[in-house]
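>>> sequence plus the predicted model coming up.
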Amino acid sequence: MNSLPNHYQRSSKTRNRDIPVERNSFSSPKVVSIPVHYVGNTTSTSSRSKAALGIQRVFRGFLVRKRVKVILGIKNEVDEVEKKFWDKGFVDLLKKDGKERLKFNEILMGLLFKLDSIRGIDSGVGELRKGVISKVIMLQERLDSIGSEQESLDQEEVEEGNNVGRRGFQFWE
(Lines give C-alpha, C1' and ligand atoms only; values in the text may rest on other atoms or scores of the structure.)
Protein backbone atom coordinates (compact mmCIF):
# COMPACT_ATOMS: atom_id res chain seq x y z
CA MET A 1 0.00 0.00 0.00
CA ASN A 2 2.35 2.68 1.06
CA SER A 3 5.95 2.81 0.26
CA LEU A 4 6.61 5.33 3.01
CA PRO A 5 8.26 4.28 6.26
CA ASN A 6 6.13 3.74 9.31
CA HIS A 7 6.67 7.02 11.00
CA TYR A 8 5.48 8.86 7.90
CA GLN A 9 2.39 6.84 7.42
CA ARG A 10 -0.85 8.10 8.75
CA SER A 11 -2.63 5.90 11.04
CA SER A 12 -6.29 6.11 11.54
CA LYS A 13 -5.83 6.09 15.25
CA THR A 14 -3.84 9.33 15.42
CA ARG A 15 -5.45 12.59 14.93
CA ASN A 16 -3.71 14.99 12.64
CA ARG A 17 -3.74 18.66 12.97
CA ASP A 18 -3.02 20.64 9.96
CA ILE A 19 -0.83 23.64 10.60
CA PRO A 20 -1.03 26.19 7.91
CA VAL A 21 2.42 26.99 6.55
CA GLU A 22 3.02 30.11 4.59
CA ARG A 23 6.05 30.31 2.53
CA ASN A 24 7.53 33.75 2.13
CA SER A 25 9.74 34.01 -0.77
CA PHE A 26 12.57 36.32 0.23
CA SER A 27 13.93 38.12 -2.70
CA SER A 28 17.24 39.90 -2.71
CA PRO A 29 16.97 43.56 -1.76
CA LYS A 30 16.86 46.03 -4.55
CA VAL A 31 20.00 48.07 -5.08
CA VAL A 32 19.25 51.67 -5.67
CA SER A 33 22.01 54.02 -6.71
CA ILE A 34 21.77 57.48 -5.25
CA PRO A 35 23.54 60.20 -7.16
CA VAL A 36 25.84 62.34 -5.01
CA HIS A 37 26.72 65.84 -6.11
CA TYR A 38 29.73 67.62 -4.60
CA VAL A 39 29.91 71.33 -4.26
CA GLY A 40 32.84 72.35 -6.39
CA ASN A 41 35.11 70.14 -8.40
CA THR A 42 37.58 68.69 -5.87
CA THR A 43 38.82 65.91 -8.08
CA SER A 44 40.53 68.16 -10.57
CA THR A 45 44.26 67.72 -10.99
CA SER A 46 44.98 71.39 -10.48
CA SER A 47 43.49 71.44 -6.99
CA ARG A 48 45.32 68.23 -6.09
CA SER A 49 48.61 69.66 -7.25
CA LYS A 50 47.94 72.86 -5.31
CA ALA A 51 47.24 70.80 -2.20
CA ALA A 52 50.43 68.78 -2.73
CA LEU A 53 52.47 71.97 -3.13
CA GLY A 54 50.94 73.36 0.05
CA ILE A 55 51.82 70.22 1.99
CA GLN A 56 55.37 70.26 0.64
CA ARG A 57 55.79 73.95 1.53
CA VAL A 58 54.64 73.36 5.10
CA PHE A 59 56.90 70.31 5.45
CA ARG A 60 59.94 72.17 4.10
CA GLY A 61 59.24 74.96 6.58
CA PHE A 62 59.11 72.40 9.37
CA LEU A 63 62.46 70.91 8.32
CA VAL A 64 64.07 74.36 8.06
CA ARG A 65 62.87 75.36 11.54
CA LYS A 66 64.04 72.05 12.98
CA ARG A 67 67.52 72.36 11.48
CA VAL A 68 67.87 76.02 12.43
CA LYS A 69 67.00 75.06 16.00
CA VAL A 70 69.75 72.41 16.01
CA ILE A 71 72.29 74.82 14.49
CA LEU A 72 71.45 77.50 17.05
CA GLY A 73 71.91 74.96 19.85
CA ILE A 74 75.36 74.12 18.50
CA LYS A 75 76.11 77.86 18.12
CA ASN A 76 75.30 78.34 21.81
CA GLU A 77 77.80 75.58 22.68
CA VAL A 78 80.41 77.27 20.48
CA ASP A 79 79.74 80.60 22.21
CA GLU A 80 80.31 78.96 25.61
CA VAL A 81 83.64 77.56 24.42
CA GLU A 82 84.57 80.97 22.97
CA LYS A 83 83.87 82.68 26.31
CA LYS A 84 86.43 80.38 27.91
CA PHE A 85 89.02 81.42 25.32
CA TRP A 86 88.64 85.06 26.40
CA ASP A 87 89.49 84.15 30.00
CA LYS A 88 93.19 84.82 30.67
CA GLY A 89 93.39 82.12 33.33
CA PHE A 90 91.96 79.55 30.95
CA VAL A 91 94.44 80.51 28.22
CA ASP A 92 97.29 80.14 30.71
CA LEU A 93 95.95 76.70 31.64
CA LEU A 94 95.86 75.75 27.96
CA LYS A 95 99.44 76.93 27.54
CA LYS A 96 100.62 74.79 30.45
CA ASP A 97 98.48 71.67 30.06
CA GLY A 98 98.55 69.72 26.82
CA LYS A 99 95.69 67.49 27.99
CA GLU A 100 93.40 70.50 28.34
CA ARG A 101 94.31 71.61 24.81
CA LEU A 102 93.52 68.13 23.55
CA LYS A 103 90.23 68.08 25.46
CA PHE A 104 89.06 71.35 23.94
CA ASN A 105 90.27 70.34 20.51
CA GLU A 106 88.08 67.22 20.81
CA ILE A 107 85.12 69.36 21.91
CA LEU A 108 85.54 71.60 18.87
CA MET A 109 85.89 68.59 16.54
CA GLY A 110 82.70 67.12 17.98
CA LEU A 111 80.86 70.36 17.28
CA LEU A 112 82.17 70.32 13.71
CA PHE A 113 80.93 66.76 13.24
CA LYS A 114 77.49 67.76 14.49
CA LEU A 115 77.42 70.66 12.05
CA ASP A 116 78.56 68.44 9.18
CA SER A 117 75.69 66.04 9.83
CA ILE A 118 73.10 68.76 9.16
CA ARG A 119 71.95 68.95 5.56
CA GLY A 120 71.20 72.39 4.23
CA ILE A 121 67.75 72.33 2.64
CA ASP A 122 67.43 76.06 2.39
CA SER A 123 70.17 78.51 1.44
CA GLY A 124 69.63 80.35 4.73
CA VAL A 125 70.22 77.15 6.68
CA GLY A 126 73.41 76.54 4.72
CA GLU A 127 74.66 80.06 5.35
CA LEU A 128 73.92 79.80 9.07
CA ARG A 129 75.73 76.47 9.24
CA LYS A 130 78.74 77.86 7.35
CA GLY A 131 78.95 80.80 9.74
CA VAL A 132 79.03 78.55 12.79
CA ILE A 133 81.57 76.25 11.10
CA SER A 134 83.87 79.18 10.38
CA LYS A 135 83.64 80.26 14.02
CA VAL A 136 84.59 76.75 15.20
CA ILE A 137 87.51 76.67 12.77
CA MET A 138 88.66 80.07 14.05
CA LEU A 139 88.59 78.74 17.61
CA GLN A 140 90.55 75.66 16.54
CA GLU A 141 93.18 77.86 14.92
CA ARG A 142 93.42 79.94 18.08
CA LEU A 143 93.81 76.77 20.15
CA ASP A 144 96.51 75.55 17.77
CA SER A 145 98.32 78.90 18.01
CA ILE A 146 98.25 78.68 21.81
CA GLY A 147 99.69 75.18 21.55
CA SER A 148 102.36 76.19 19.04
CA GLU A 149 103.35 79.19 21.20
CA GLN A 150 103.88 76.88 24.14
CA GLU A 151 105.80 74.38 22.02
CA SER A 152 108.08 77.12 20.68
CA LEU A 153 108.67 78.37 24.25
CA ASP A 154 109.46 74.84 25.38
CA GLN A 155 111.82 74.39 22.44
CA GLU A 156 113.62 77.66 23.27
CA GLU A 157 114.03 76.54 26.89
CA VAL A 158 115.49 73.24 25.76
CA GLU A 159 117.89 74.99 23.40
CA GLU A 160 118.92 77.46 26.12
CA GLY A 161 119.49 74.55 28.48
CA ASN A 162 121.69 72.86 25.90
CA ASN A 163 123.69 76.05 25.40
CA VAL A 164 124.24 76.47 29.12
CA GLY A 165 125.40 72.91 29.34
CA ARG A 166 127.87 73.41 26.53
CA ARG A 167 129.20 76.60 28.07
CA GLY A 168 129.76 74.85 31.37
CA PHE A 169 132.19 72.39 29.83
CA GLN A 170 135.20 73.95 28.29
CA PHE A 171 137.90 71.90 26.86
CA TRP A 172 141.50 73.06 27.20
CA GLU A 173 143.68 72.57 24.31
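Cool, the structure landed. Numbering: from 1, shown residues only.

>>> count of neighbours near Cys67?
Rather than Cys, residue 67 is Arg. Arg67 is flanked by 20 other residues according to other CB atoms under 10 Å. C-betas here are computed from N, CA, C, even on glycine.

>>> same question for Lys95.
Residues near Lys95, counting by other CB under 10 Å: 16.

>>> give me the element it is part of.
Using DSSP states H and E, Lys95 maps to helix 88-96.

>>> same check on Ser28?
Per DSSP H and E, Ser28 falls between elements, in no helix or strand.

>>> same thing with Gly61?
Counting by DSSP H and E, Gly61 is part of helix 45-85.

>>> now do that helix against helix 88-96, angle only.
80 degrees (axes from the mean of the first three to the mean of the last three CA atoms, to 10 degrees).

>>> what's helix 45-85 packed up against?
helix 98-116, helix 123-168 (3 or more CB pairs under 8 Å, 6 or more residues apart in numbering; DSSP states H and E).

>>> low pLDDT regions in this protein?
Along the chain, segments meeting pLDDT under 70 span 1-17, 20-27, 39-43, 150-173.

>>> if we can go back for a sec, pick the most deeply packed of the helices and strands packed on helix 45-85.
Highest mean neighbour count of the helices and strands packed on helix 45-85: helix 98-116, a mean of 14 (counted as mean count of other CB atoms under 10 Å).
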